[in-house]
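K.L.:
Below are the sequence and a predicted model; questions follow.
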Amino acid sequence: MRHRNSGRKLNLTSAHRRSMMSNLVSDLLYHERIETTAPKAKEMRRFVDHMITLGKRGDLHARRQAFSFLQNEEVVFKLFSDIAPRNQERHGGYTRVLKVGFRRGDGAPLSMIELVERTAATG
């Protein structure tokens with residue numbers, strides 16, 4: 001039984017899954033819109049929402065927690081100086097997942113995930 005076990009395994013080891021989520025979240029926060037498979041996009045929402053909530057908190061401990069997950073100073077700076085202030089009035093729901101279609105090679109369902117409060121110039 002899966003009592004109290006949340007999240008998708010995505011057929012990956014825990015280390016690979018954490019590393020992949022870190023990379024996907026960093027890319028999303030940097031580009032503000034990325035295309036990936038639907039299960040990865042749905043799983044990524046949890047981590048993006050948590051990172052933006054840390055950015056809204058804005059203290060040093062939150063910055064260190066975000067860096068520990070993202071491992072990219074440039075993305076952490078953008079998160080705390082640009083993305084978090086844009087979402088200050090919003091209480092969750094920082095991302096939008098749109099279905100795009102199916103991948104040509106293996107037929108995997110593709111989705112586009114983007115930040116709801118994103119700048120018009122990006123992507």
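P.N.:
Thanks, I have the structure now.
K.L.:
for the residue nearest to residue 102 when sequence neighbours are not counted, phi and psi?
P.N.:
Once flanking residues are discounted, residue 102 sits nearest to residue 109: 5.8 Å by Cβ to Cβ, 6 or more residues apart in numbering. (Glycine included, C-beta is placed from N, CA and C.) Torsion angles at residue 109 (phi, psi; degrees, to the nearest 10) stand at phi -70, psi 130.
K.L.:
just checking, residue 109 touches residue 38?
P.N.:
Yes: applying Cβ atoms under 8 Å, one finds residue 109 in contact with residue 38, separated by 4.2 Å.
K.L.:
Find residues that contact each of these two.
P.N.:
Common neighbours of residue 109 and residue 38 are listed as residue 99 (criterion: Cβ atoms under 8 Å, 6 or more residues apart in numbering).
K.L.:
how about the residue nearest to residue 102, what does it touch?
P.N.:
Contacts of residue 109 by Cβ under 8 Å, 6+ apart are 37-38, 99, 101-103.
K.L.:
So which other helices or strands are in contact with the helix ranked longest in the chain?
P.N.:
For the chain, the longest helix by residue count, based on DSSP state H, is helix 38-57. Contact partners of helix 38-57 among helices and strands, from 3 or more Cβ pairs under 8 Å, 6 or more residues apart in numbering; DSSP states H and E: helix 14-31, helix 60-70, helix 84-86, strand 95-102, strand 109-115.
K.L.:
relative to strand 95-102, how tilted is it?
P.N.:
Per axes from the mean of the first three to the mean of the last three Cα atoms, to 10 degrees, the angle that helix 38-57 makes with strand 95-102 is 160 degrees.
K.L.:
Only the buried residues of helix 38-57, if you could.
P.N.:
Burial within helix 38-57, assessed by neighbour count using 16 or more other Cβ atoms under 10 Å, is assigned to 38, 40-41, 43-45, 47-48, 51-56.
K.L.:
what mean pLDDT would you report for stretch 75-91?
P.N.:
Stretch 75-91 shows a mean pLDDT of 96.
K.L.:
Can you get me the start-to-end distance on it?
P.N.:
22 Å (Cα to Cα, to the nearest Å).
K.L.:
in it, what counts as buried?
P.N.:
75-76, 78-80, 83-84, 86-87.
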